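S.K.: Model the structure of this input:
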Amino acid sequence: MHAARCLKKDAEKIKMRLFKQGLIDSRFRVMSDRKFVYFPLKRKAARLDIVQKDFENNAERKTKLKDAVKDNLTAAELRQLKTAFDIIGDIAILEIDEGLRSKERLIADALQKINPKIKTILRKSGRHEGEFRTQKMEFLAGIDSRESVHKENGIRLKLDVEKVYFSPRLSTERKRIMQQVKQNERILVMFSGCGPYVCVLSKNTKAKEVIGVEINPVGHEYAQQNLALNKLKNAKVYLGDVTEVVPTLGKFDRILMPLPKGAGAFLDMALAAAENKCIIHFYDFLKEGNEKLVHDKIKAACRAAGRKCRIIKTVKCGQSAPREYRVCVDFLVY
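M.R.: Presented below is the predicted three-dimensional model:
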């Protein structure tokens, strides 16, 4: 397939150019050798060094893991094996059922062999819990670490995967929001964590200002580091409860509420901070077909605040259980 080839020293600049033009084919993995980086393209592009390359499909890594362990697992165990896993920087995070715990080290070792760029392999040990929605991890293989630097959408994010809530699966959703931002917008990110939305929007748009508010002091500290890491000049992050901090920040043209569970309790706060014709991105978990429930919740909050709204669209941006999805409702406030 078509690939854009560039020297390693130019890779970040070329990646950003391709990314903004929508040319990178995210179904395939970026390749590199000693001298060059190769980006998989959806189509040919002008003024680039175009070569032909065979890229690995991202879906193939699931098959590879199953192939790597098939001689050491029974047929029943193979059916139990969850081949989807998260990669955050050089850390892989697996979900392993109770029935496979006796084979978890074997599975982790196999994963590291087929993906040598992974330095640490962890297993989820429980659900996201507590006010900060953090998740315990068990070390399985490699270097016993919880901190890494993750790359997505042209930015770098430093974080501790056990002390900060972060989902690499929302990379596409962050890009979707990024592509909607207009010049000179003032943007608020409530529940901003280590700064993924703040950094992506600040780095890749012409927003006037991007502000994040986070109650987790560890997440806030990482967000501050990430603003510096990405050399962002039009972004700020505040530590504290949104109910106390947001009223001091003025009005916004766009507000993000990426707290999937419980964000409804803060809709009044977002509406109070919304300029006329502000767009709010509201996140929730819903059973399939229940979009009307979240729409009614939004409309009721707007009525209570004396505001009018128009639902623009409802987008699925993740699955939490069979027929249950994380959704984002984009709506206009006036």
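
S.K.: Tally up the residues packed near the nearest residue to residue 193 once chain neighbours are set aside, please.
M.R.: In space, and not counting its chain neighbours, residue 193 is closest to residue 219: 4.7 Å by CB to CB, 6 or more residues apart in numbering. The way it works is simple: take the backbone N, C-alpha and C, and place the C-beta from them, glycine included. Residue 219 is flanked by 27 other residues according to other CB atoms under 10 Å.

S.K.: Equivalent analysis for residue 123, please.
M.R.: The tally of other residues near residue 123 (other CB under 10 Å) stands at 21.

S.K.: Is it located within a strand, as I assumed?
M.R.: Yes - in this structure, residue 123 lies within a strand as judged by DSSP: H, G, I helix; E, B strand; the rest coil.

S.K.: What backbone torsions are found at the nearest residue in space to it that is not next to it in sequence?
M.R.: Using CB to CB, 6+ apart and skipping the chain neighbours, the partner closest in space to residue 123 is residue 138 (4.6 Å). Backbone torsions of residue 138, given as degrees, to the nearest 10, read phi -110, psi 130.

S.K.: got the contact list for residue 138?
M.R.: With contacts defined as CB atoms under 8 Å, 6 or more residues apart in numbering, residue 138 is in contact with 122-123, 125.

S.K.: Tell me the one of the residues you listed nearest residue 279?
M.R.: residue 122 (36.6 Å; CB to CB).

S.K.: what does the model give that closest one for pLDDT?
M.R.: Per-residue pLDDT puts residue 122 at 98.

S.K.: what's across from it in the sheet?
M.R.: Judged by DSSP bridges, the bridge partners of residue 122 are residue 93, residue 139.

S.K.: mind listing what it touches?
M.R.: 91-94, 137-140, 146, 161.

S.K.: Quick one, which of the residues you listed are buried?
M.R.: 91-94, 137, 140, 146, 161 (16 or more other CB atoms under 10 Å).

S.K.: Kindly report the domain assignment for this protein.
M.R.: 2-52, 60-145, 167-333 (automatic domain parsing).

S.K.: Return the most buried member of those.
M.R.: Compared across the domains of the chain, domain 167-333 shows the largest average neighbour count, a mean of 18 (mean count of other CB atoms under 10 Å).

S.K.: Now do that one: distance from first to last residue.
M.R.: 28 Å (CA to CA, to the nearest Å).

S.K.: swap in stretch 262-281?
M.R.: By CA to CA, the extent of stretch 262-281 from end to end equals 14 Å.

S.K.: hmm, who's touching that stretch?
M.R.: Identification of contacts with stretch 262-281 by CB under 8 Å, 6+ apart yields 177, 180, 186, 188, 190-191, 242-243, 246-247, 249-259, 282-284, 297-298, 301-302, 304-305, 307, 312, 328-334.

S.K.: if we can go back for a sec, among the contacts of residue 122, which two are most distant?
M.R.: 94 and 146 (14.5 Å).

S.K.: Could I get the full set of strands for the stretch 1-150 of the chain?
M.R.: Assigned strands in the stretch 1-150 of the chain, in chain order: 2-7, 31-32, 36-40, 49-52, 86-88, 91-94, 120-124, 137-142, 147-152 (criterion: DSSP state E, counting those that start in this stretch).

S.K.: what residues are up against residue 4?
M.R.: Going by CB under 8 Å, 6+ apart, residue 4 touches 14, 18, 23, 38-39, 41, 45, 48-50.

S.K.: which residues does the nearest residue to residue 212 once chain neighbours are set aside contact?
M.R.: Here the nearest residue to residue 212 in space, its sequence neighbours aside, is residue 192; by CB to CB, 6+ apart that works out to 2.9 Å. Listed by CB under 8 Å, 6+ apart, the contact set of residue 192 reads 198, 212-214, 219, 223, 237, 258.

S.K.: Many thanks, we can stop here.
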